[in-house]
Every structure is written in structure tokens, then in C-alpha cells.
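Engineer: Below are the sequence and a predicted model; questions follow.
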Amino acid sequence: MLIIVLVLNAAMFLAEFGAGLAADSTALMADSVDMLGDALVYGLSLYAMARSARWKAGAAVAKGSFILIFGGLIILEAISKVSSGATPTGSLMLMFGGLALAVNLACFGLLWRYRSQDVNMSSSFECSRNDLIANGGVLLAGGAVMITALPWPDLVIGLLIAAVFLRSAWRVLAEAWPMLMNRQTAIPREENSA
């Protein structure tokens, strides 16, 4: 299941990033970079799956760090777009935002039953849920750009996507960091009590 969502996200990153460049859209590029981040996250999840609770917590900390970095990069991209004032192509935003939403709905459905399995899978599910929010934002921005012919809806949605990423990063790191720092998670309870 994680291999499937990894491949879907990696392929969607390539398609959406190219569309984001062509459309000059901060929101679309932010969503595409999130797809790349998710592919990396799912790869980490695969690596940590058969490992100890401490390894899983470490993978979740890495995922939270990825999410935090991507949120910061989106904010920097939006700041650079404010100075250029270029209006993105709303129709491309709608087309690729819709395609990304379809892919992410499929990934969300695949991850749903594993969302509470452990901190590793919970953080993967968190990434998938963020994607749906981001996709909805891209569609909203694309529609608003088409109606107004202004760049601001794209920038606002790009910044809102960044805020969702930063909030999610905080939640993942707040849950996983204490587990990573607790050396007890690496030792089974029976051995610990001896």
C-alpha cells in the first residue's frame, strides 16, 4: 500500500511541478513540492515499518521536519512572487489541481485504515490529509484567479497551504519527538523490568 501511494505521489509531483512552472502558480508549485515530500515520507515509512518503536518515532520526526521545511519554502516562494506580481494561469491550476485531488483521494482511501496503527503510519496519514486540504486550496485559487485575473488568490492560498504544513509539522513533531527521546521505546517492557 505504501509503495502504491509513494509511486502515485512521485508521478504527480513531476506532472504538477511542470504545470506549476507553466502556470506560474505558487499554490500549484507548493502542492507539487508537497507531493515530492510525501513520496519521501512514504519511503521513510516503508523503511521504518518493520523496525522498533524508536525507529518509527525517528521516521515521524524526519517527516515532521520535511513538512516544516516545505512550509518554509512555500512562504519564501510567495514572498518572491509578491515582488513580481505575475498572474498565474487559472485554467492550468484547475486542471492539475483536480488531477492532484483525484490522486490524493485515492491515497487517502488507501491509508485510512492504517491511520491509528502507530506514530509512523499516523504521520503518513497526516501528510495525506494535508494534501486534500492543499488540493482544495489550489482549486479555489485557480477559480478565483480565472474570475479576477489577479495573482492574489494564488498567493493567499499558497500561504494558507504553508500554514497548514507548519501546523501539521508541529503536531507530528510534538507527538514523535518525545518518543524518539525516550530510550525506553527501543527496549521491550519485559527486558526493561528485569
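Structural biologist: Cool, got the structure. Bear in mind the structure is a predicted one, so any value in this text is a computation, not a measurement.
Engineer: quick one: least confident helix or strand in this structure?
Structural biologist: Least confident helix or strand of the chain, by mean pLDDT, DSSP states H and E, is helix 189-193 with a mean of 38.
Engineer: Please work out the average pLDDT along the helix or strand containing Trp177.
Structural biologist: Trp177 is part of helix 152-181 when elements are defined by DSSP states H and E. What helix 152-181 shows for mean pLDDT is 83.
Engineer: how far is it from where the chain is centred?
Structural biologist: Centroid displacement of helix 152-181 relative to its chain, using Cα atoms, centre = their mean, to the nearest Å, is 9 Å.
Engineer: In it, which residues are buried?
Structural biologist: Using 16 or more other Cβ atoms under 10 Å as the test for burial, helix 152-181 gives 153-162, 164-166, 168-169, 172-173, 175-176, 179-180. To be clear about C-beta, it is placed using only N, CA and C from the backbone, and glycine gets the same treatment.
Engineer: Same check on stretch 6-23?
Structural biologist: Residues of stretch 6-23 classed as buried: Leu6, Leu8, Asn9, Ala10, Met12, Phe13, Glu16, Phe17, Ala19, Gly20, Ala23 (neighbour count, 16+ other Cβ under 10 Å).
Engineer: who are the neighbours in contact with Ala144?
Structural biologist: By Cβ atoms under 8 Å, 6 or more residues apart in numbering, the contact set of Ala144 is Gly90, Pro153.
Engineer: now the strands for this structure?
Structural biologist: Under the criterion DSSP state E, the chain carries no strands.
Engineer: shaky segments in it?
Structural biologist: 48, 50-51, 119-120, 123, 183-194 (pLDDT under 70).
Engineer: most centrally placed residue in the chain?
Structural biologist: Nearest to the geometric centre of the chain sits Asp34, at 4.1 Å (Cα atoms, centre = their mean).
Engineer: excluding its backbone neighbours, what's nearest Val41?
Structural biologist: In space, and not counting its chain neighbours, Val41 is closest to Lys63: 4.6 Å by Cβ to Cβ, 6 or more residues apart in numbering.
Engineer: hang on, the one you found packs against Gly43?
Structural biologist: No: if you go by Cβ atoms under 8 Å, Lys63 and Gly43 don't touch, sitting 10.2 Å apart.
Engineer: So for these two, which residue has more residues nearby?
Structural biologist: Between Lys63 and Gly43, counted using other Cβ atoms under 10 Å, Lys63 has the larger neighbour count: 29 against 16.
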